[in-house]
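**Q** Task: produce atomic coordinates for the following.
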Amino acid sequence: PDYEYLKKMLLEMARTGQNRAFQSRLDLIPHSIGGTEERISASGPSEVEFVRKLDADIQKVSDHYVSTGKALRARVRALEERYEASSVGKDGPGDDVAVELANEVEQCELLLLKLDDFVNLSYSAFVKILKKHDKHSSCPLLLAYCVKLQSQPFLEEKLTPVIMSLSNINAKLVGKETKSEAQFDPNQAGGTSFVRKTTKYWVRITDITRVKCMVLKQLPVYKFLKGENDSDRISSIYFDNDNLDLYRGRLHKTPGAIAVRIRWYGNDPKAGDTVYVERKVHNESWYGEESRKERFTLPEELVQPYLEGKLRPEGVRQVLEKDPSFKGDLDYAMELAREVQNHVLTKKLKPMLRTQYMRTAFQRKGDATVRASLDTELCMALEPVKPGEWRYKGGLLRDQICQFPHGVLEVKLQLAGGASTPSWVQDLLDTGMLVEVNKFGKFVHGLAALLPVTQVRELPYWFHQVNLDGDPEPRFGSAASGIQLDRQDTAGDKEMAERDGDLAPAKGGGHKAGPNQVIVYRYEPAQLSCLQFLGRWFLDMSMATNTGKVVSGKLKVEPKVYFANERTFLTWGSLCTQLGSIAIGILAVGFKKPALLRVGITLGVLTAVFFLYAIGVFHARALGLRMRSTQAPYDDRFGPTLVALVMVSAIAVNVYVSLMNTEIAEMMSPAKFN
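**A** Prediction:
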């Protein structure tokens, strides 16, 4: 869009007052087709002309996207046909043709990224100019145009089939040279098991296409279901009880904490379709045990009888024996079915949360050494099932749905022996497009976001890192360009405000009201007195005032934090040593003086109390760091505040006693009696 031209229109509308044309009831009366529009009007562009220009720019962006997308699809189809033609009767194309095809694939990826950047920049420009318009206009347009933009081709039509085609061509070209001897993941088709390390990252929505293209250079798309898109829909229903025992276990990462869920791929299952009953068990690797995921298949119509205990594990075994697609251990599956059913019945588990997302998996066929998956369109919703149902089939309210604003990338490594992490994984991390979120869980995040504070009081540590602007915190990359744009927009807003006569500040600190304009007064709290300020400050410093949800879960602890805890303890020890030395000195000097003796004893007792308090806080923090808990007293507001008050009180008492002794000495002096 022509952002600068639209901005100039807004400036001119503010100068001529056209931005406040729609503010009287005359604009709401009907018009006559028998009349004319020959009226005296202000000069400059009107709201109608601004809307007409905005619509033209939206149409221009849509036309460019449609034409470029069509050309890109045709180019990729021609590339596929060329590959097939050059591979007829051979194992693949010749070396020269393969190099040309690889270069063409790279050019298509660059064109795809340019188109993605064009869409993101255009949408940002539309939203920014609409915000600027609504800030100084009596006719708001932002929300209405956001709905309109969502129905435009550049936001509605996706190019995921192009990504899938590029992945297939690139996999065929790379497969000609690369042959892996690794085996399948045991969770997929059985084989040798390796220790798998999984790391999770948040990806900004505007970087999803770029991340996909970077991963495609190393790993092809691995499809679970048939289709032309590069991603598959995955749905899961998580179980918990009214006490949220499973939620708290997964939140605190308690050894042996479980998660029970039912998962399916594609559309909602019908009778005869297969679903997966899964159990995830968390264990700390430094305890010598590894976390694991176990599952078995079950027909959709048998899920509810199984959850109610009517279908016993022996019946599950009989069902699996008749399933030709099941290739696992029947004894192990029956034991797993018994344990999961025991969890459901004894813990009184019920469906609590549904997650749904589109997963793009990256993996070479037959090679589970390095795997990656990118989850987009992640949604979490409550599951208000009725008795006798294991999944909810009705409609949901808006408050029952949580849409996650980022993509979630998982990198899974199964490296045997002394194998090192592939270099491309580190290159992807160095781009700054990823933010590592240790132990992020969809189940924990969904319940924390959707359940009321009366049920959930503890939140995962990452919860407040999700903001409404679509960017995870800390911010991605450099913010210099964003600051520059903000300064330019602020200058433009100031210029429009100065040109807008009715909005200019009047003398005396008020605001001048124009015709048909309402004066809005801003509430300002009353000034607190000195004593009120000190009292409120002390209460805020010494007492926890949060009555809502609090952040909990596991912390990522660095080694320097342990040394920081020790340095804090040594600082307290130094303070207590000084106070103890002063107390001992006072006792030695004033052993026969009752007043000094009381001061020395009081100071010695306070020193011992402070030292014991410091030891307790030190051990509590050390334990919290070892357990990676967020509930330890890391921010000690009570201790330093108490020490400061005690020292101030001691000084005040000392001054008072000194003054009183001076007055008594003067009164008892011989000069008073002469």
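
**Q** Which secondary structure elements does the one helix or strand S574 maps to sit against?
**A** Here S574 sits within helix 559-589, counting by DSSP states H and E. Packing partners of helix 559-589 (3 or more C-beta pairs under 8 Å, 6 or more residues apart in numbering; DSSP states H and E): helix 594-627. No exception for glycine: its C-beta is placed from N, CA and C like everyone else's.

**Q** Who are the packing partners of the helix it packs on?
**A** helix 559-589, helix 638-667.

**Q** Pick the most deeply packed of these.
**A** helix 559-589 (a mean of 14; mean count of other C-beta atoms under 10 Å).

**Q** Looking at it now, give me its mean pLDDT.
**A** On average, the pLDDT along helix 559-589 is 84.

**Q** Reformat the helices and strands packed on helix 594-627 as JSON lines; add distance to Y201.
**A** Below are the helices and strands packed on helix 594-627 laid out as JSON lines (distance: least, C-beta to C-beta, whole Å):
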{"stretch": "helix 559-589", "distance to Y201": "23"}
{"stretch": "helix 638-667", "distance to Y201": "38"}
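
**Q** closest to T454 out of the ones you listed?
**A** helix 638-667 (27.7 Å; C-beta to C-beta).

**Q** average pLDDT for that closest one?
**A** Averaged across helix 638-667, pLDDT comes to 72.

**Q** try stretch 261-269
**A** 91.

**Q** For it, buried residues please.
**A** Within stretch 261-269, the residues that qualify as buried are 261-262, 264-265, 269, counting by 16 or more other C-beta atoms under 10 Å.

**Q** Over to stretch 310-321?
**A** 311, 313, 316-317, 319-320.

**Q** Filter these down to just the ones in helices.
**A** Using DSSP state H, 313, 316-317, 319-320 are the members of the buried residues of stretch 310-321 that sit in helices.

**Q** Of those, just say which sits nearest to P93.
**A** Of all these, L320 has the smallest distance to P93: 44.4 Å, by C-beta to C-beta.

**Q** after the helix or strand L149 falls within comes which helix or strand?
**A** Assessed by DSSP H and E, L149 sits inside helix 142-150. Downstream of helix 142-150, the next assigned helix or strand under DSSP H and E is helix 153-156.

**Q** looking at the helices and strands packed on helix 594-627, which is closest to V437?
**A** helix 559-589 (18.9 Å).

**Q** The closest one versus helix 594-627: what angle between them?
**A** Helix 559-589 runs at 170 degrees relative to helix 594-627, counting by axes from the mean of the first three to the mean of the last three C-alpha atoms, to 10 degrees.

**Q** Quick one: distance of helix 559-589 to the chain centre.
**A** How far helix 559-589 lies from its chain's middle: 42 Å, per C-alpha atoms, centre = their mean, to the nearest Å.

**Q** just checking, what packs against the lengthiest helix in the chain?
**A** Longest helix in the chain, counting residues (DSSP H): helix 95-136. Under the contact criterion of 3+ C-beta pairs under 8 Å, 6+ apart, helix 95-136 touches helix 3-16, helix 47-86, helix 142-150, helix 153-156, helix 160-175, helix 208-216, helix 480-499.

**Q** now the longest one against helix 3-16, angle please.
**A** This points to helix 47-86. Going by the same axes, to 10 degrees, helix 47-86 makes 170 degrees with helix 3-16.

**Q** if we can go back for a sec, could you pull up the mean pLDDT of the longest helix of the chain?
**A** Across helix 95-136, the average pLDDT comes to 88.

**Q** mind listing what's buried in stretch 425-432?
**A** Applying 16+ other C-beta under 10 Å to stretch 425-432 flags 425, 428 as buried.

**Q** what does that stretch rub up against?
**A** 211, 214-215, 370, 411, 413, 434, 436, 476-477 (C-beta atoms under 8 Å, 6 or more residues apart in numbering).

**Q** any idea which residue sits dead centre in this structure?
**A** For the chain, the residue nearest the mean C-alpha position is V466 (3.5 Å; C-alpha atoms, centre = their mean).

**Q** That one contacts P405, correct?
**A** Yes: applying C-beta atoms under 8 Å, one finds V466 in contact with P405, separated by 6.5 Å.

**Q** shared neighbours of the two, which are they?
**A** Joint contacts of V466 and P405 (C-beta under 8 Å, 6+ apart) do not exist.

**Q** Need the pLDDT of G328.
**A** For G328, the pLDDT comes out at 79.

**Q** Surely it is in a strand?
**A** No: using DSSP: H, G, I helix; E, B strand; the rest coil, the assignment for G328 is coil, not a strand.

**Q** which one is C146 nearest to, not counting chain neighbours?
**A** Once flanking residues are discounted, C146 sits nearest to V127: 7.3 Å by C-beta to C-beta, 6 or more residues apart in numbering.

**Q** Distance-wise, check the one you found relative to Q59.
**A** From V127 across to Q59, the span is 17 Å (C-beta to C-beta, to the nearest Å).

**Q** quick one, which of these two is more surrounded?
**A** V127 (14 against 11; other C-beta atoms under 10 Å).

**Q** pretty sure that one contacts L143?
**A** No: the criterion here is C-beta under 8 Å, and V127 misses it with L143 at 11.0 Å.

**Q** so R295, which of the three states?
**A** Secondary structure, three-state DSSP: R295 is strand.

**Q** Likewise for K197?
**A** Here K197 is recorded as strand under three-state DSSP.

**Q** Can you get me a residue count around Y392?
**A** For Y392, using other C-beta under 10 Å, the count is 17.

**Q** Now do the phi/psi pair for it.
**A** Note on Y392: its backbone torsions stand at phi -90, psi 130 [degrees, to the nearest 10].

**Q** try Q356
**A** Q356 adopts backbone torsions of phi -140, psi 130, taken as degrees, to the nearest 10.

**Q** can you check K412 too?
**A** Main-chain dihedrals, K412, degrees, to the nearest 10: phi -120, psi 120.

**Q** Just the pLDDT for A419.
**A** 57.

**Q** Please apply the same query to V203.
**A** For V203, the pLDDT comes out at 91.

**Q** give me every residue that touches the residue nearest to it when sequence neighbours are not counted.
**A** Nearest residue to V203, sequence neighbours excluded (C-beta to C-beta, 6+ apart): G407, at 3.9 Å. Counting by C-beta under 8 Å, 6+ apart, G407 touches 202-205, 208, 211, 374-376, 378.

**Q** of all the residues you listed, which comes closest to E47?
**A** Among those, I205 lies closest to E47 (C-beta to C-beta), at 31.6 Å.

**Q** Can you tell me the number of residues neighbouring that closest one?
**A** By other C-beta under 10 Å, the residues close to I205 number 14.
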